[in-house]
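Asks: Please find the sequence and the predicted model below.
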Amino acid sequence: MKNRIIPYNPKLKELARQLRKNSTLPEILLWQKIKQRAFGVQFHRQVPMLNYIVDFYCHEIKLAIEIDGHSHDFNDTKGLERQKEIEAYGVTFLRFSNEEVKKKMFSVLLVIEETCDQLNKQL
């Protein structure tokens, strides 16, 4: 499978590196479950895209995962605008709240697995 790279602002590279070093608890918990090709695809953390940084991204199937909490408002207008801009490049978004990741991890992982399977079938 060929990776599909979305263009990004190079100025965000250092910020993304800092965000990886200072992950939130829900980001750490989810990363432990999705890293190392857990669903047959490779996810990366804090990936610059356009003028934004997404929490997790899989280049192979163009899937972005955002965890909304203190740094993001779940129904934030700017966040939804950002999502639409990135979706214009064919990226699929999954959004989960901090609470969902901490208290309903099994359900979160099920949604991610089903979405990975669906996107893989479309390739």
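Replies: Sure thing, it's come through.
Asks: So the spatially closest residue to A16 that is not a sequence neighbour versus K103, what's the distance?
Replies: In space, not counting the residues next to it along the chain, A16 is nearest to Q46; the distance is 4.3 Å by CB to CB, 6 or more residues apart in numbering. Every C-beta, even on glycine, is put in place using the N, C-alpha and C of the backbone. As judged by CB to CB, to the nearest Å, Q46 and K103 stand 23 Å apart.
Asks: Which one of these two is surrounded by more residues?
Replies: Set side by side, Q46 and K103 give different neighbour counts by other CB atoms under 10 Å, the larger being at Q46 (20 against 11).
Asks: just checking, what packs against the worst-scoring helix or strand of the chain on mean pLDDT?
Replies: Taking all helices and strands of the chain together, the one with the lowest average confidence (mean pLDDT, DSSP states H and E) is helix 77-87, at a mean of 88. The contact analysis (3 or more CB pairs under 8 Å, 6 or more residues apart in numbering; DSSP states H and E) places helix 77-87 against strand 52-58, strand 63-68, strand 92-97.
Asks: chain center to that helix: distance?
Replies: A distance of 13 Å separates the centroid of the chain from that of helix 77-87, by CA atoms, centre = their mean, to the nearest Å.
Asks: before we move on, what about stretch 45-59?
Replies: Distance of stretch 45-59 from its chain centroid, counting by CA atoms, centre = their mean, is 7 Å.
Asks: List the buried residues in it.
Replies: 45-50, 52-59 (16 or more other CB atoms under 10 Å).
Asks: again with stretch 28-38
Replies: For stretch 28-38, using 16+ other CB under 10 Å, the buried residues are L29, L30, W31, K33, I34.
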